[in-house]
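>>> Sequence first, then the predicted structure, then my questions.
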Amino acid sequence: MKSILAGKKILFGITGSIAVYKAAEWVRELTKAEVEVTVVMTEAAARFISSLTFAALSGRRVYTGMFEADAGEEMTHISLAGECDLCIIAPATAQSMAKFANGFADDLLSTLVLACKAKVLVFPAMNSNMYCHAATQANLTRLQEYGYGIIEPEQGKLACGDEGIGRLVAWETAREKILSALAPQDLADRTVLITAGPTWESFDPARHLSNRSSGKMGYGLARAAGRRGARVILVSGPSAIDPPPGVEIVNIINAREMHDAVMEHYKSADVVVMAAAVSDYRPAKTMQQKIKKGGKLLDLELVPNPDILKKLGQKKKKAKRPLLIGFAAESSHHIEEGRRKLKEKNLDLIVINDIIGKDTGFAADTNQISLIDRDYGLEKLPLLSKEVCADMILDKVVKLLQ
Ligand code: CTP
């Protein structure tokens, strides 16, 4: 299945720290995600792990020396620096950062970094005293001024036996930073309000009415919008997922609370995406005490909840904003139902997803969606990861915003 990073070209600079072994794992992850990884190692790095390891993991030639190219070949430092979408340095030693900060070009990697026009991300890893030293900090500040992304190392037990700051960040953190660095900043200066997850409608202190929504799609959208530079407000029903970094989270339990939170925040939003699976009904009464079982049938009276999106659609008739995106969770007549909801709720876009397929809908990591826009243009997408779906939905949102 298509990875969100597929086809990207990353120049991966590796410098001489014991954390080199972790970089091997990163190269493997990137290669698995169909990234074209070109590894450039300093001589010190190659003393920790042979370049052969990285050649095997990346499936490509690894560069170490400045004068390796055969006569007549292109100048390696210029061609490698010009070809990549992103350059990452991991692990980055104090020595290598001092070189980059001062514009030194005395080996292949420092020369490449100087010649590189793409964004550079630096992942330092070293002993904490070295990291905290004023000289290293001054170099980091200077690199930030040049526009390099610096990813602060983690606290913990270091290879030298000390405790403190200096551990190379975990792969998950690095992946997120890489994705953000590669994301187009086409939602910068935009506020996106996203709802996610189920709502719980309680009928006594122990029980509630709900649905199978996990929040994965809504949280994925929030993360993807944040990467693209948006201010994200995430109104979430109960979900086990950690909120993505940087989003403003508003936790709610039931549909009426979601309604109130959306009504409070939508005015500052350029886009509202209702990915939540809002319960259409709630129990007419919430009992203060647990309902005891009796021998007979139990009647539970339900009353309708407000239709949040429909209300926003009505308001939009006058105000003309924000852009409204709805979801249609369907088990049959998907496209007809999607069209009906698009029209009835006065939406700009509806995302239709099938909820009964094995790999689609609630709780799955993948989804098969169709998009219908306000001009009734239909786009059916193949089975994709929810992460890729989120980006494709946002591509459409960006177009509609224009
Ligand atoms: N929605 C909402 N408020 C509700 C119910 C739904 O804002 N009370 C939103 C959902 O978040 C979704 C869209 O409306 O973006 C469509 O939701 P869906 O459950 O597919 O459809 P319903 O409008 O509830 O219609 P039906 O139950 O007949 O399928």
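Yes, it's here.

>>> which parts of this structure sit against the ligand?
Contacts of the chain with the ligand, taken as CB under 6 Å from any ligand atom, map to 255, 274, 276, 278, 280, 305, 307-309, 326-329, 341. (Glycine included, C-beta is placed from N, CA and C.)

>>> Now, of those residues, which are buried?
In terms of neighbour count (16 or more other CB atoms under 10 Å), the buried residues within the residues of the chain next to the ligand are 255, 274, 276, 278, 305, 307-309, 326-329, 341.

>>> What are the boundaries of the helices in the stretch 1-150 of the chain?
Using DSSP state H, counting those that start in this stretch, the helices of the stretch 1-150 of the chain run over 20-32, 43-48, 51-58, 76-83, 94-101, 108-115, 128-132, 134-145.

>>> Export those helices to a markdown table and append columns for mean neighbour count and mean pLDDT.
Listed next are those as a markdown table, based on neighbours: other CB atoms under 10 Å; pLDDT from 0 to 100:
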| stretch | mean neighbour count | mean pLDDT |
| --- | --- | --- |
| helix 20-32 | 19 | 98 |
| helix 43-48 | 17 | 96 |
| helix 51-58 | 18 | 98 |
| helix 76-83 | 17 | 80 |
| helix 94-101 | 22 | 98 |
| helix 108-115 | 22 | 95 |
| helix 128-132 | 16 | 96 |
| helix 134-145 | 15 | 98 |
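
>>> Closest one of the residues of the chain next to the ligand to residue 163?
Lowest distance from residue 163 to the residues of the chain next to the ligand (CB to CB) belongs to residue 276, with 42.9 Å.

>>> CA atoms of the lowest-mean-pLDDT helix or strand in the chain as CSV?
The weakest-scoring helix or strand in the chain, judged by mean pLDDT, DSSP states H and E, is helix 76-83 (a mean of 80). In CSV, the C-alpha atoms belonging to helix 76-83 read as follows (Å, rounded to 0.1, in the frame of the first residue of the first chain):
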residue,chain,number,x,y,z
THR,A,76,29.2,14.4,-6.1
HIS,A,77,28.7,17.2,-3.6
ILE,A,78,26.8,19.3,-6.1
SER,A,79,24.6,16.6,-7.7
LEU,A,80,23.7,14.9,-4.4
ALA,A,81,22.8,18.3,-2.7
GLY,A,82,20.7,19.3,-5.7
GLU,A,83,18.7,16.1,-6.0
